[in-house]
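Trainee: curious how this folds, go ahead:
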Amino acid sequence: MTIVLGGGISGLSAAYYLLKQSKVSHAPKLFEASHRFGGWIKTDVSSNDRRVRFECGPRTIRPKGVKGLNTLQLCSELGLNNDVLPIKSSHPAAKNRMLVVNNELCMLPSTLAGAFKTLPPFTRPLIYGFYHDFRHKYTDKPLMDDTIYNFTERRFGKEIADYLISSMICGICAGDAKEISVKFLLKDLFDYEQKHQSVLMGIYNKSLERILQKNVATSPTNSEPIQNCELVKQSITQKWSIYSMNDGLEKLPKTLSDHLKSNGVELNTNAKCENIEFGTNGANVTINGKSYETDQLVSSLPAFELGKLVKKQHPQLADELLAIPYVDVAVINLQYSGNKNLLKTPAFGFLVPPAQNLPILGVLFDSCCFDMGENTVLTVMMGGKWFHERFGNGNEQDLYEKAIEQIQRILKIDQRPDAFKVHILRQCIPQYIVGHFDRIDRIMRYIEQNKLPLKVCGTAYDGVGVNDAIYSAKMAIDSIKK
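Mentor: Sure, this is the predicted structure:
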């Protein structure tokens, strides 16, 4: 029997992939410490209008890349084809993304032509960044890692580092670009710099390699079922940018948990793991005072939770897990009734560069993305790396008032919301600081060398997005088969 710890999207996905490769009689057992499944994916409905959805965590998914296509295939297998709500690349929410600098909204370029124009807050066209890269060859001692801020400033200039990259890091992981590893987002570009002295030279050499190898046949073993998936075909032909679900993104983990239950997987809530002890033939897991024997343990728990559970028996592994930092994020959902045109510019939303020293990370324009009736619906993100510095332990009323203050100042919306919700997500996003990927290698190597019947998956290891969490689970379960 296999036990899965954690009932977030990664744990549910792990149970799903385990179920696919096993008989019902060998279905895994899943244990979740909280009262619900889905983890940080949670959708609330406004008390004022049932059409208004408040997303408390992730709200959209990108359909691109191997991980994105894998999620679409999962949705299709779960029968969610008619529940997917796509936003196409031509939609304002896909094209229009903004920054706030000096309390003014600045539209980012959405086309190649826009990169050749000088748009505020930049004093030069964004394309100038590649000229900067070409002029400044990297001749220092090779680096194993660096912060994404240092790399971007060195290769493309300070403005792009301060305004563009720093804001992106706030939006993706609520982190500080001056601490986050360049390998988190720009690993290939960093490798180009280290090997070829500049990003442009690296791109040129890589393109040349592809031309020389164009006659080499490539046939990925798992590409055929994905390419034959109807949702994947739709996402490509219709040019989806992002998508969500009818009734909110929580539809995905709810459907996933329902599928597992109906196929014999034992799902348990309010089931807290208190101890893990590894033996020669498996592991003994203590949950709510009761012991369970398992020949294979899959943990989708946050790294710090797993670290506490293995510390007594494997302190070296625990130290590595506990060294992965997490941040708190406040999510404030706001509903303005009776006027869906409060926003002057339809867009996905805006981000705030950390250098602006504002108490918010950014604002998402939910009602621009999806139909919310005659309502303007916004989500304000706050805290992250700076949560305790700015808000202490966090008071919901104070957070709400600060959010309203910034909405009034930046978006010029003077009226008070008709409905709102405040959620403080404690230790919700791991931070891939410099050295993170070497740490993950050490964690995986320790588990392998000590022959522990343990697989780990989730946002601490393979990326912080929904696609990453699902794909991390798939890879962990695939490694069991191997």
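Trainee: what's the closest non-adjacent residue to residue 346?
Mentor: Using CB to CB, 6 or more residues apart in numbering and skipping the chain neighbours, the partner closest in space to residue 346 is residue 92 (3.9 Å). Just so you know, the C-beta spots here come from the backbone N, C-alpha and C atoms, and that holds for glycine as well.
Trainee: cool, residue 196 as well?
Mentor: The shortest distance from residue 196 to any non-neighbouring residue, by CB to CB, 6+ apart, is to residue 202 (4.2 Å).
Trainee: tell me what the helix or strand in which the one you found is found is packed against?
Mentor: Using DSSP states H and E, residue 202 falls within helix 199-212. Counting contacts by 3 or more CB pairs under 8 Å, 6 or more residues apart in numbering; DSSP states H and E, helix 199-212 packs against helix 128-135, helix 187-196.
Trainee: same thing but at 10 Å, please
Mentor: helix 128-135, helix 148-156, helix 187-196 (3 or more CB pairs under 10 Å, 6 or more residues apart in numbering; DSSP states H and E).
Trainee: if we can go back for a sec, contact partners for the residue nearest to residue 346?
Mentor: By CB atoms under 10 Å, 6 or more residues apart in numbering, the contact list for residue 92 reads 110, 345, 346, 347, 348, 365, 368, 369.
Trainee: about what we covered before: contact partners of the helix holding residue 202?
Mentor: Residues from elsewhere that reach helix 199-212, judged by CB under 10 Å, 6+ apart: 129-131, 133-134, 137-138, 151, 155-156, 186, 188-196, 198, 216.
Trainee: what's the angle from that helix to helix 187-196?
Mentor: 90 degrees (axes from the mean of the first three to the mean of the last three CA atoms, to 10 degrees).
Trainee: next, the buried residues of helix 199-212.
Mentor: 199, 200, 201, 202, 203 (16 or more other CB atoms under 10 Å).
Trainee: between the residues you listed, which is nearest residue 172?
Mentor: residue 199 (20.3 Å; CB to CB).
Trainee: quick check: pLDDT value at the closest one.
Mentor: pLDDT, residue 199: 96.
Trainee: domains for this protein, by residue range?
Mentor: 2-40+250-324+433-481, 108-212 (automatic domain parsing).
Trainee: what's the span of the first one, first residue to last?
Mentor: If I follow you right, that is domain 2-40+250-324+433-481. One end of domain 2-40+250-324+433-481 to the other measures 13 Å (CA to CA, to the nearest Å).
Trainee: tell me how far that domain is from the chain's mean position?
Mentor: Relative to the centre of its chain, domain 2-40+250-324+433-481 is centred 18 Å away, using CA atoms, centre = their mean, to the nearest Å.
Trainee: now it: average pLDDT?
Mentor: On average, domain 2-40+250-324+433-481 scores 95.
Trainee: now stretch 205-212
Mentor: Mean per-residue pLDDT for stretch 205-212: 81.
Trainee: what of stretch 146-162?
Mentor: Mean predicted confidence for stretch 146-162 is 98.
Trainee: mind checking the end-to-end distance for it?
Mentor: 16 Å.
Trainee: show me what counts as buried in that stretch.
Mentor: Using 16+ other CB under 10 Å as the test for burial, stretch 146-162 gives 146-149, 151-157, 159-162.
Trainee: quick check: the farthest pair among those?
Mentor: Longest span within the buried residues of stretch 146-162, CB to CB: 146 and 159, 18.8 Å.
Trainee: sorry, back to before: mind giving me the ChimeraX select for the contacts of residue 92, buried ones only?
Mentor: Buried residues among the contacts of residue 92 (16+ other CB under 10 Å), as a ChimeraX selection:
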select :347,348,365,368,369
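Trainee: which residue ranges of the stretch 51-200 of the chain form strands?
Mentor: When secondary structure is read from DSSP state E, counting those that start in this stretch, the stretch 51-200 of the chain shows strands at 53-55, 84-88, 97-101, 104-107.
Trainee: winner for burial among these?
Mentor: Mean neighbours per residue, mean count of other CB atoms under 10 Å, is largest over the strands of the stretch 51-200 of the chain for strand 53-55, with a mean of 24.
Trainee: now do that strand: everything it contacts.
Mentor: With contact meaning CB under 10 Å, 6+ apart, strand 53-55 is reached by 41-46, 59, 244-250, 331-335, 364, 366-367, 370, 372, 377, 379, 419-421, 423.
Trainee: where does the stretch 101-250 of the chain dip in pLDDT?
Mentor: By pLDDT under 70, the low-scoring segments of the stretch 101-250 of the chain are 213-225, 227.
Trainee: 90 instead, please
Mentor: For the stretch 101-250 of the chain, the stretches flagged by pLDDT under 90 are 110, 204-228.
Trainee: just give the nearest non-adjacent residue to residue 309, would you?
Mentor: Distances taken as CB to CB, 6+ apart place residue 276 nearest to residue 309, at 4.5 Å, with adjacent residues excluded.
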